[in-house]
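Asker: After the sequence you'll find the predicted model.
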Amino acid sequence: MKSRLKPLVGLIAAPLPILALAASPAFAVTPDAQQVALRGDVVQAVSHSTRTGEIAADRRISLAVSLKQRDAAGLDAFLAQVTDPNSAQYQHYLTVDQFADRFGATQETVAKVTAYLKAQGLQVGAASANRLTIEASGSAAQVRKAFGTGLATFHDNKSGRDFFANTAAPVLPAGIAAEVSDISGLNDFARYTHFSTPQGAPTATPKVTGLTPAKARAAYNLTSTIGAGYTGKGSTVGLVEFSAYQQSNIAAYDKYFALHPSTPTVVNAGGGTTDLSGQGEVELDIEVVQALAPGAAVKVYEAPNSDAGETAVYAKLVSDNVPVVSISWGTYEAGETPGNRVAVDTDLKEAAAQGQSVFAASGDSGSDDQGNGGTSVDFPAADPWVTGAGGTTLGTSSSGAWSKETAWSGSGGGVSSVFATPSYQAKVNSGANRSVPDVAADADPSTGWAVYTGGAWAQYGGTSAAAPNWAAFAAVYNSEAKAKGKPSFGFANGTVYVLAGTAAYGTAFHDVTSGSNGAYSAGTGYDKVTGWGSYNGANFLKAKLG
């Protein structure tokens, strides 16, 4: 599978204001100031590409500067407690303000880094509410000066792509480097691929094949739940997108199926995007959520398809504290610069600390996410603070009820090369590193979703359909939990692994026991192709909420 990013779903808390830094102090660098290079900020593709020239000095470059988290050990200790059902702190999550005050950069640090960037001639925005990301922009000449690295153009001999990138790690004065973990935007190589796959060509005729709202609700045992009024109302689902979409397609889908959801709203991050090349992905994500959680509000977080856009969108999601998030875009682990991976992981840790449910597609290339003949997994699904959603082939009975699921051959899964086995996975993973995915849902294009996109009907599969499926379920869960005075879904892997470890597993989940993704096979209980399997809606809700 190639790189991709996917949407998020959630019950949203009122967004907090962005920290304003009106009067940053002046910052001067003396000629003999010690310079320190940041590690992990040269994209891997430079090593196998041909340098073709220098970037134009006046080219505009957008950046996201990530600040180091305070008290990383304290955050790890807090996460261990807040996700442990045996701890008194279990599910006692933090607000954005509480997180920023405990683990974000200090306001003095934000002011110091902001002043340095401005002193180099860059235009600088306000810091994110968690005080961990500062957006900036400037000409290539200004960026060279600010970070002491060349910016050249390259031709990738493997993919045939042309791109620009920094030729060496960025360099900063020691006092600034001590506060910065990553500078994203120094290359435009990163392109996050979505994991949606159409079955056949779209048709402009009113021929609708695949999962409809009614069929999907029946298959995943949500018909009675939604009929009882638990529609996701009061919840907000946040979708991570690196493409724009057309609301006219969403309106046509809703009209055809007589749905009456609220109109999705767009939230721009990192400048947003007007690119429509991935609109099918975005419209799939929105339509799946509206099919299963028609009462939920949908916020579409749009960002440029770049590493700076990636950093900006995750910073925005955690700063807005969107309780449920769905991600259908990503990249193989080695395709992410180490610096960017640390920056995103920092935000995902915050999401867990705040009780946000984050679901990400595990990819559509089976056990070989990188496509190099080996085994590899996708990021961010591989991050321990994300719930990776794998794929299945769905079978239903003549009445439309679930009858079976087998592992879809394209389901991304395997073992992370970066992240250690998290504590919640220790009982089912004896290896040193994290296994992916955690859960699954229908992703086979042949049994996929009816989607209206580009002015036509199509049938879509891919793990990009599995992530918003689970996100929509989390929104439904939250609406019922609120009505019953129970805690929300919260950090999803905490909820999933705790329930899967009880006697209710056999009824709350559909265990997928057959099929493979290449190197790994599905089996009883947890496996590296489908995780714990798909949810059995009403039974899952009964087991958790009564």
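Answerer: On my side now, so go ahead.

Asker: To what extent is residue 207 buried, counted in neighbours?
Answerer: 10 (other Cβ atoms under 10 Å). Heads up, the C-betas are built off the backbone N, CA and C, glycines and all.

Asker: Next, the closest residue to it other than its chain neighbours: phi, psi?
Answerer: Of all residues not flanking residue 207 in the chain, residue 457 sits nearest, at 6.2 Å (Cβ to Cβ, 6 or more residues apart in numbering). Main-chain dihedrals, residue 457, degrees, to the nearest 10: phi -90, psi 140.

Asker: Just to check, residue 457 is in contact with residue 212?
Answerer: No. Judged on Cβ atoms under 8 Å, residue 457 makes no contact with residue 212 at a distance of 10.9 Å.

Asker: Looking only at neighbour counts, state which of these two leads.
Answerer: residue 457 (21 against 16).

Asker: how much space is there between the more buried one and residue 280?
Answerer: Using Cβ to Cβ, to the nearest Å, residue 457 is found at 12 Å from residue 280.

Asker: Likewise for residue 345?
Answerer: 29 Å.

Asker: go on, residue 67?
Answerer: 36 Å.

Asker: What of residue 365?
Answerer: Taking Cβ to Cβ, one finds residue 365 at 18 Å from residue 280.

Asker: follow-up on the earlier one: which residues are common contacts for residue 457 and residue 212?
Answerer: The overlap between the contact sets of residue 457 and residue 212 (Cβ atoms under 8 Å, 6 or more residues apart in numbering) consists of residue 450.

Asker: Please measure how far the first residue of stretch 226-246 sits from its last one.
Answerer: Stretch 226-246 has an end-to-end distance of 27 Å (Cα to Cα, to the nearest Å).

Asker: List the buried residues for the strand or helix carrying residue 113?
Answerer: Per DSSP states H and E: residue 113 is located in helix 107-119. By 16 or more other Cβ atoms under 10 Å, the buried positions in helix 107-119 come out as 109, 110, 111, 112, 113, 114, 115, 116, 117, 118.

Asker: Among those residues, find me the one that's closest to residue 326.
Answerer: Taking Cβ to Cβ as the measure, residue 326 lies nearest residue 110 of the buried residues of helix 107-119, at 29.9 Å.

Asker: Check the burial of the nearest residue to the closest one once chain neighbours are set aside by counting its neighbours.
Answerer: Once flanking residues are discounted, residue 110 sits nearest to residue 127: 4.7 Å by Cβ to Cβ, 6+ apart. Close neighbours of residue 127, defined as other Cβ under 10 Å, add up to 28.

Asker: Same check on residue 367?
Answerer: 23.

Asker: returning to that earlier point: so which of the buried residues of helix 107-119 comes closest to residue 481?
Answerer: residue 110 (35.8 Å).

Asker: My guess is the closest one contacts residue 132. True?
Answerer: No. Checked against Cβ under 8 Å, the pair residue 110 and residue 132 is beyond contact range at 9.1 Å.

Asker: Find the residues that touch each one of the two.
Answerer: The contact lists of residue 110 and residue 132 share residue 67, where a contact means Cβ under 8 Å, 6+ apart.

Asker: about what we covered before: test my guess that the residue nearest to residue 110 contacts residue 112.
Answerer: No. If you go by Cβ under 8 Å, residue 127 and residue 112 don't touch, sitting 11.6 Å apart.

Asker: before we move on, the earlier item: gap between the residue nearest to residue 110 and residue 109?
Answerer: 10 Å.

Asker: Done for today, thanks.
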